[in-house]
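*Asks:* need the 3D shape of this:
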Amino acid sequence: MAEIEIKTRVPLTYAEVAEKLKVIKKSKKTEEELGFRTKKAEEFLESFDKEDFKRMKELKESIKNLNIQRLKDKQIVALVNINPTDEDSIKTILSNDNITLKQEDIQALLDCLKK
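*Replies:* I've put the predicted structure just below:
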């Protein structure tokens, strides 16, 4: 088996993973060539609507446009994928990485996520 070298790690939303899986699936000749994890990921992503994926892309961009300095791509993707609906949920997601935000930033995130 060939050695794989990871050059960069980029967090992806579920919508971006679905797009990458489509590309992988087109490049494979048969379904049997897809790995176990690939099939499981595909099954999970089938539970989402195309509208959900469209909304995820828009949410990611709108959160980035808030220009909250402490938020990194990893946290933005987690917020988009989980889509919290209250302050406590946002704090819980961000506490995983020891990030605390000002009340105004949390409220801006909530407003953005509720759109």
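*Asks:* what are the buried residues along stretch 80-88?
*Replies:* Counting neighbours by 16 or more other Cβ atoms under 10 Å, one finds that the buried residues in stretch 80-88 are 80, 81, 84. Yep, even glycine has a C-beta here, placed from its N, CA and C like the rest.
*Asks:* any idea which helix or strand carries residue 18?
*Replies:* Counting by DSSP states H and E, the secondary-structure element that holds residue 18 is helix 14-27.
*Asks:* what residues of that helix count as buried?
*Replies:* In helix 14-27, the ones that count as buried by 16+ other Cβ under 10 Å are 14, 15, 16, 17, 18, 21.
*Asks:* could you dump those residues to CSV with distance to residue 57 and pLDDT?
*Replies:* Below are the buried residues of helix 14-27 laid out as CSV (distance: Cβ to Cβ, whole Å; pLDDT from 0 to 100):
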residue, distance to residue 57, pLDDT
14, 10, 92
15, 5, 92
16, 8, 92
17, 12, 91
18, 11, 91
21, 16, 88
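*Asks:* kindly indicate which of those residues lies nearest residue 45.
*Replies:* Nearest to residue 45, judged by Cβ to Cβ, of these is residue 18 at 4.7 Å.
*Asks:* so the closest one sits against residue 44, correct?
*Replies:* No: contact between residue 18 and residue 44 fails when scored by Cβ atoms under 8 Å: they sit 9.7 Å apart.
*Asks:* sort out which one of the buried residues of stretch 80-88 lies nearest residue 113 for me.
*Replies:* Using Cβ to Cβ, residue 84 is the member of those that lies nearest residue 113, at 6.5 Å.
*Asks:* what helix or strand is the closest residue to that closest one other than its chain neighbours located in?
*Replies:* Sequence neighbours aside, residue 90 is the residue nearest to residue 84 in space, at 5.0 Å (criterion: Cβ to Cβ, 6 or more residues apart in numbering). If you go by DSSP H and E, residue 90 is part of helix 87-95.
*Asks:* name the residues of that helix that are buried.
*Replies:* Neighbour-count burial for helix 87-95, counted by 16+ other Cβ under 10 Å, picks out 90, 93, 94.
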